[in-house]
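In: give the three-dimensional model of this entry:
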Amino acid sequence: MKSCPRAPQEDMYMDLHYVGSPQTVKGGTRRRRQYGGNATFEVLDHVVALGLDSDEFQTACRAGWETVANLGRGAFGYVDLIRVNMPAGPHEYVMKTLHICPNSERNARQEFDIHKYMLDTQTDEPTDILTEAIIPAIALAKSITAGATNYHIFFEKEDGTSLYNFIRGLKRSGEMISVEEYNEIEESLNDALHSIHTAGIVHRDIKPANLFIITDADPNAAIKYRIKLIDFGLAIRLDAGLKKPGVGTPSYFSDRHKRAIENYKIAVRSGVYDPANPAHNYKYTKNDDEYAANKTTDEIDKYVGYDPSSSSGSSTYTTETTTSTVTATPVTTSNSYTNMNGIHAAMNPGAVLPPVPPGNVRHIAGGRSLKNKRKRSTRRTRRYRR
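Out: Residues are numbered from 1 along each chain as shown. The predicted model follows:
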C-alpha cells in the first residue's frame with residue numbers, strides 16, 4: 001500500500017464553512033466546521049455484524065454533519081470527530097478521510113476490507129471479542145467535493161486517548177503507574193493481538209500512536225486500563241503472500257524484518273530483484289506484531305513504580321514452551337500471548353532487545369526529531385540576523 005501525497009487543505013475543505021465559537025482542539029484553536037450537506041455522499045459498504053442501517057446513515061450524512069474536533073493526521077489521511085443528526089437523535093462518529101490522490105480509493109477499501117473480513121467473514125473469533133480488541137469500522141463512503149472524490153471510513157466513538165499521549169502525559173506530569181496497572185495494559189494489548197491473529201490478521205504497525213487506551217473512571221473498578229488496536233491501514237491477512245519489506249514504523253521493526261530490508265535493497269541495486277523470491281521479499285507473521293508490542297511495553301516500563309516488598313517483584317516468566325529468567329516487568333502466566341518479553345526470551349534465549357532510541361519521536365508521533373528542529377531554528381536565526 002502506497003501513501004498518498006497530502007492534498008492542499010483548501011481542496012479538502014472546499015465546501016465547509018465555519019460556524020459557532022472558537023474551540024481548542026489538538027493542533028491549535030479553530031472554529032467548528034459544518035459540512036453543508038452533499039447529495040453525492042454515498043455509502044459504499046458497511047459491516048453487517050454491527051447492525052448499521054446504511055440507508056438511514058446515508059440520508060443523515062447527506063443532510064450534513066458538524067465536525068466537533070480534529071483527532072489527528074497521518075500519512076494516509078486525517079481523522080475528525082463528527083456529529084450526525086440521526087433519526088434517533090444526534091450521534092457522534094469518528095471519521096477518517098483519506099488524502100486525495102490516485103491511491104485513495106484502494107487504500108480506503110483495503111483498510112475497510114480488513115475490518116469487514118474480521119467481523120463479517122471470520123467465525124473462529126466471535127464478533128463481541130473482536131470489538132473488545134479493536135475499534136471497528138462501521139461504514140465506507142465517498143463524496144465528491146469540487147470535482148474531487150473523497151473516501152471516508154466511519155468508526156464508533158470511544159472515550160480515551162492514544163497510548164502515545166498517555167505515555168507523554170506520564171512523562172510531563174512525573175506520575176507513575178503501579179506494576180498491577182502496567183500488567184493490565186500489557187495483558188490487554190496481548191489479548192487484543194491474540195484476537196486479531198486468531199481472526200487471521202497481522203497489523204504490521206503496532207506502536208503507541210496506534211494503540212487506544214481506555215481508562216475506567218471508577219477507582220474501584222477491577223480493571224482500570226484496556227487497550228484497543230486502531231489504524232489498520234497497513235494490515236494484511238496472515239495468509240497473504242510475500243510483500244516488499246519496509247512497511248510500518250522503522251523503530252519498531254524486528255531484527256528479521258531489518259535483515260529483509262537490507263536483502264531487498266541489495267537485490268534492487270544489483271538488478272536481480274524478483275517479487276517471487278523469499279530472499280528479496282518478506283513474509284509478515286504475528287511475530288512482527290509481537291516484537292513491536294514488546295518495544296511498546298518497554299516504553300511504558302519506564303514509568304512503572306515498583307514496590308520491592310511486593311511478591312510480584314519476581315522476574316520469572318512462565319510460557320507454554322519454556323521457563324526463563326529475564327530482567328523485565330514481572331508477569332507469571334500460562335498463556336504465551338500474555339507477555340511479549342517472555343515470548344522473546346523463549347524464542348531467542350540469551351538475546352537482549354535493543355533499547356528504544358531516546359528522544360526519537362519521528363516515527364512514533366509523525367513529528368520531526370529534535371535535531372532537525374534545532375537546525376531549522378538556527379537557520380531562521382541566521383536569516384533574521386542578516
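
In: can you pull out the strands in the stretch 201-350 of the chain?
Out: 201-202, 211-215, 225-229, 236-237, 304-305, 316-318, 323-325 (DSSP state E, counting those that start in this stretch).

In: who are the packing partners of the fourth one?
Out: Same thing as strand 236-237. strand 201-202 (3 or more C-beta pairs under 8 Å, 6 or more residues apart in numbering; DSSP states H and E). Every C-beta, even on glycine, is put in place using the N, C-alpha and C of the backbone.

In: what strands line up against the strand it packs on, and which way round?
Out: Sheet pairing for strand 201-202, assigned by DSSP bridges, gives strand 236-237 (antiparallel).

In: in the stretch 1-150 of the chain, which spans are strands?
Out: Going by DSSP E, counting those that start in this stretch, the stretch 1-150 of the chain shows strands at 16-25, 28-35, 42-46, 65-73, 77-86, 89-98, 137-145, 148-156.

In: I'd like these as TSV, with distance to residue 175, mean pLDDT and mean neighbour count appended.
Out: Shown next, in TSV, are these (distance: least, C-beta to C-beta, whole Å; pLDDT from 0 to 100; neighbours: other C-beta atoms under 10 Å):
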stretch	distance to residue 175	mean pLDDT	mean neighbour count
strand 16-25	23	32	11
strand 28-35	26	49	15
strand 42-46	41	94	19
strand 65-73	23	89	18
strand 77-86	26	93	19
strand 89-98	27	94	18
strand 137-145	33	92	21
strand 148-156	29	93	20
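
In: could you dump those into JSON lines and include distance to residue 277?
Out: Below are the strands of the stretch 1-150 of the chain laid out as JSON lines (distance: least, C-beta to C-beta, whole Å):
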{"stretch": "strand 16-25", "distance to residue 277": "48"}
{"stretch": "strand 28-35", "distance to residue 277": "48"}
{"stretch": "strand 42-46", "distance to residue 277": "35"}
{"stretch": "strand 65-73", "distance to residue 277": "37"}
{"stretch": "strand 77-86", "distance to residue 277": "33"}
{"stretch": "strand 89-98", "distance to residue 277": "32"}
{"stretch": "strand 137-145", "distance to residue 277": "34"}
{"stretch": "strand 148-156", "distance to residue 277": "34"}
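
In: relative to residue 288, which of these is closest?
Out: strand 137-145 (22.5 Å; C-beta to C-beta).

In: tell me the contacts of residue 285?
Out: With contact taken as C-beta atoms under 8 Å, 6 or more residues apart in numbering, residue 285 is in contact with 202, 238.

In: so who does residue 205 touch?
Out: Residue 205 neighbours (C-beta under 8 Å, 6+ apart): 231, 233-235, 247-249, 252, 292.

In: residue 252 - nearest residue in space that isn't next to it in sequence?
Out: Leaving out its chain neighbours, the residue that sits closest to residue 252 by C-beta to C-beta, 6 or more residues apart in numbering is residue 292, at 4.0 Å.

In: so the one you found sits right up against residue 207, yeah?
Out: Yes - in terms of C-beta atoms under 8 Å, residue 292 counts as a neighbour of residue 207; the distance is 6.4 Å.

In: need the overlap of contacts for the two.
Out: Jointly contacting residue 292 and residue 207 under the rule C-beta under 8 Å, 6+ apart are 249, 252.

In: can you show me the helices along the stretch 151-300 of the chain?
Out: For the stretch 151-300 of the chain, applying DSSP state H, counting those that start in this stretch gives helices covering 163-173, 179-198, 255-270, 286-301.

In: of all the ones you listed, which one is nearest residue 136?
Out: Closest of the helices of the stretch 151-300 of the chain to residue 136 is helix 179-198, at 11.2 Å (criterion: C-beta to C-beta).

In: report the angle between the closest one and helix 286-301.
Out: 160 degrees (axes from the mean of the first three to the mean of the last three C-alpha atoms, to 10 degrees).

In: so what does helix 179-198 touch, helix or strand wise?
Out: helix 127-133, strand 225-229, helix 286-301, strand 304-305.

In: out of the ones you listed, flag the one nearest residue 77.
Out: Of all those, strand 225-229 comes closest under C-beta to C-beta, at 17.5 Å.

In: what's the angle from that closest one to strand 211-215?
Out: Using the same axes, to 10 degrees, strand 225-229 lies at 150 degrees relative to strand 211-215.

In: give me the mean pLDDT for strand 225-229.
Out: Averaging pLDDT along strand 225-229 yields 94.

In: can you give me the domain boundaries for the chain?
Out: What the record gives for the chain is the domain set 9-156, 161-365, from automatic domain parsing.

In: who touches the closest residue to residue 48 other than its chain neighbours in this structure?
Out: Nearest non-adjacent residue to residue 48, counting by C-beta to C-beta, 6+ apart: residue 120, 5.4 Å away. Going by C-beta under 8 Å, 6+ apart, residue 120 touches 47-49.

In: just those residues now: which is nearest residue 76?
Out: Using C-beta to C-beta, those come closest to residue 76 at residue 47, 19.8 Å.
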